[in-house]
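J.: Give the three-dimensional model of this entry:
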Amino acid sequence: MVEESIEIFMEDFSVVGGSFDNCFGNLPQVLKRSEETNLVLNWKKCHFIVKEGIVLGHKISEDGIEVDKAKIEVIIKLPPPITVKGVRSFLGHAGFYRRFIKDLSKVASPMCKLLEKETKFVFNDSSLKAFECLKEKLTSAPLCYTPYFQMNIR
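T.: Numbers count the residues shown, from 1 in each chain. Down below sits the predicted model:
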């Protein structure tokens, strides 16, 4: 059932299908299964028959998964962090989008070194270059596509 009609991420799920009719047909099955397993749904957070939406900071649509454009605007305006707390916060945000950033750990390495114990906080040129590179990657993220389980690859 999971591969055919539902996509799950942590505590969120989306009912899916190859067409609107197929997706709509999967809904009663998913709701019935939720009831059978005593899954409690927060109806204020449930959205039905939508073509796109924001889920965990990602825009989900028929085109795929991409970073929420509202978050991109915030990232563009971010100044370089000047404290350990600021670096930690920025890297946490970047880590949330790690699926969109190739070689995140390599790019973020100069900033991560600022978080090491017994290290004096000096936000130098390599840290600034890493920060700017991550901002660029976060604001020009590619689309990710969900798996197509019906495809037979052998």
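
J.: Let me know the pLDDT of Ala94.
T.: Ala94 carries a pLDDT value of 86.

J.: tally of neighbours for the residue nearest to it when sequence neighbours are not counted?
T.: Excluding the flanking residues, the one nearest Ala94 by CB to CB, 6 or more residues apart in numbering is Leu134, at 5.2 Å. In this view, the C-beta of every residue, glycine as well, is placed from N, C-alpha and C. Leu134 has 22 neighbouring residues, counting by other CB atoms under 10 Å.

J.: ok, now which ones touch Leu134?
T.: The neighbours of Leu134, taking CB atoms under 8 Å, 6 or more residues apart in numbering as the test, are 90, 94, 101, 104, 107-108, 111.

J.: From those, pick the one nearest Ile49.
T.: Ile101 (32.5 Å; CB to CB).

J.: Roughly how far does the residue nearest to the closest one when sequence neighbours are not counted sit from Val50?
T.: Of all residues not flanking Ile101 in the chain, Lys137 sits nearest, at 4.7 Å (CB to CB, 6+ apart). For Lys137, the distance to Val50 equals 28 Å [CB to CB, to the nearest Å].

J.: More neighbours: which of those two?
T.: Each of Lys137 and Val50 has its neighbours counted (other CB under 10 Å); Lys137 has more, 19 against 9.
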